[in-house]
Structures are given as C-alpha cells and as structure tokens.
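Engineer: Fold the following for me, if possible:
(one chain, ligands or ions: 1)
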Amino acid sequence: MRRLLAANWKMHLYPEEAISLLQEIRSLWERNGWQTLPTVIFPPILYLREAVSLLRGMTLAVGAQNGYPGEFGAFTGEVSMAQIAACGAKWVLVGHSERRYYFGESHELLQQKLKDAQRRGLSVIYCVGETLSQREAGQTFDVLSQQIEEVLQGEILWEKLAIAYEPVWAIGTGVHATPAQAQEAHAFIRSLLQAKGAPAASMPILYGGSLKPENASEIFSQADVDGGLVGGASLKSESFAAIAACLIAGKDHTQLAGSRDPQSEAPLESEHSAH
Ligand code: 13P
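Structural biologist: As a prediction, this is how the structure comes out:
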C-alpha cells in the first residue's frame, strides 16, 4: 500500500504568502525528518518555478493543478504538460471536480490530458468522485466506474498514476466522508483498477474532501486509504503538517503490524515516490 500526501492550493495566496507557506512546509518537513513521506504541493501555476526551486533536494515535489495536452500551440491562456515538466514539476492533477463541473472537461479531454502528462514524464493524480445527488440516487459506484473506465483506457503508465477519491459533496463543505464511506469507495476503486490489470495493490488511492487534523487519523486508518489530497487545510502549514503527522503515525503503525520490513519499503516507495 502506498502513502502519498498532496496539497491543492487551488486559486489561493498572493506571491509572498505562497513563498512563506512553502518555506514553512519545507522547514517543518526537515525538522520532523519526514523524508519517507512522499508529499506533493500543487500551487497556482504562477508559483510553480519558485516552488520547484524552494523545495529542491527535498522529498517534497511540486505539481500543477492543470495542464493542456501537447507541447506548444495557439491555445491562449493554457500551459502545456510539456512546459510544466520542463519547469521541474513532477505531478499534475487531472479530473478534479472543479475542472469537470466549472470548466466542463469531458472524459475524452481528461484521457488526453492524462496520457500526454505521462508521456511528458509527469505523474498524475486522477480525481474521481460523485455528487450529492448521485450518492443519494444510489449511483456512487456507477459514477466511479464510469470515471475510471472512460478515462483509464489504452496505454496507461500505472506507476505514474495515483487516484484521489474526492466526493464532490465533501469538497470545501466541512462535511467529510465517514471512514466507512471512504473505505467502501476506495476498495471499490482498487477493485476496478485490479480488473483493468493495474498493479492496484501498490497504487496510492488518496481521500480528499474536508480533510482536517481532526478527522485525518480515522480516515487514514482505513485499509484502502493511502493518503490525502488536502484543499483548505493545506493553506496553513500547521494544519497541513498535523495531517502529515496523522498519516505517518497511522500508516507506520499499519506497516509495522504487517509482515513487511520497513526497509523493504524503499524500492516500492521510490517507485511511487513524490519525485
Ligand atoms: P477541501 O480540503 O478544501 O475540502 O478540498 C479538497 C479538494 O478539492 C482537494 O483537491
């Protein structure tokens, strides 16, 4: 089971605030010796290069919240996956519900983005999740299946892929999924990946949606929850670090309880490390 923690800053922070937050996160990770926790920061694209340079040499990687397929072209306002990779970022988010619903991104476009990102050397966090009305109509599994099936088709580099389960009703609402709801969805997603021939047991499946220091431990304690994609609580170094501490405590305990020697983590960890 893979661990991964990610911060999605969305459209927040002025430049000096972003730099301070990066510096605070960097020193907290150094001070706490969290070298074994693969962590990715997704700042607004404006701060990408600065973030890469500030976090160089750390286990903290940088990703873009969005990218466009292709290298160059007449696509005003867009930034290509190739440009993102050339700036030193290692990750990109694809399929976030805010892109699906506010910007109308189709499964066809998401598939192009995901494949192009991987082709350019980027790892992808592919986000899936149902709306409240879909959940209430009993369609959660159908929606998750469709989001996985229609986008993860053809040549997918599984070692460059993590999934984030982000129920839309939990994003920014203060209402998080219960540990049981998260576990049910994550186990289902893992079974879908398995059925597609992916190395599902080693793929990180992150939970996102109102993740806070107060609820992180119980959510991370679930067998199929490998980490988190944190929005609002990642905008303060203290709360993001507190969530990191929950992940480290919870999953270290799980790993010690299993048969795997913590040292034997290393090759797998680097396979899915943040870098
Ligand atoms: P919140 O943590 O603010 O609910 O956002 C979750 C999210 O959308 C992360 O991508």
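
Engineer: distance of residue 182 from residue 226?
Structural biologist: Between residue 182 and residue 226 the distance is 11 Å, computed by C-beta to C-beta, to the nearest Å. For the C-beta atoms, the positions are set from N, CA and C on the backbone; glycine is no exception.

Engineer: what does residue 117 give?
Structural biologist: From residue 117 to residue 226 the distance is 20 Å (C-beta to C-beta).

Engineer: Same question for residue 205.
Structural biologist: Taking C-beta to C-beta, one finds residue 205 at 5 Å from residue 226.

Engineer: more neighbours, residue 117 and residue 226?
Structural biologist: Applying other C-beta atoms under 10 Å to residue 117 and residue 226 shows that residue 117 carries more neighbours, namely 30 against 25.

Engineer: Can you tell me what sits against the host helix or strand of that one?
Structural biologist: Residue 117 belongs to helix 107-119 when elements are defined using DSSP states H and E. Applying C-beta atoms under 8 Å, 6 or more residues apart in numbering, the external contacts of helix 107-119 come out as 67-70, 81, 84, 92, 94-95, 100, 105, 123-124, 126, 146-147, 150-157, 160-161.

Engineer: Among the residues you listed, name the ones in strands.
Structural biologist: Those of these mapping onto strands are 92, 94, 123, 124, 126, 161, per DSSP state E.

Engineer: Neighbour-wise, give me the winner out of those residues.
Structural biologist: residue 94 (28 neighbours).

Engineer: Distance check, that residue against residue 163.
Structural biologist: According to C-beta to C-beta, residue 94 and residue 163 sit 10 Å apart.

Engineer: Need the residues touching each of these two.
Structural biologist: Common neighbours of residue 94 and residue 163 (C-beta under 8 Å, 6+ apart) are 125, 126, 127.

Engineer: Nearest to the ligand among those?
Structural biologist: Checking the shared contacts of residue 94 and residue 163 against the ligand by C-beta to the nearest ligand atom gives residue 127 as the nearest, at 6.7 Å.

Engineer: Please name the bridge partners of that closest one.
Structural biologist: residue 164 (DSSP bridges).

Engineer: Was I right to think it contacts residue 95?
Structural biologist: Yes - if you go by C-beta atoms under 8 Å, residue 127 and residue 95 touch, sitting 4.5 Å apart.
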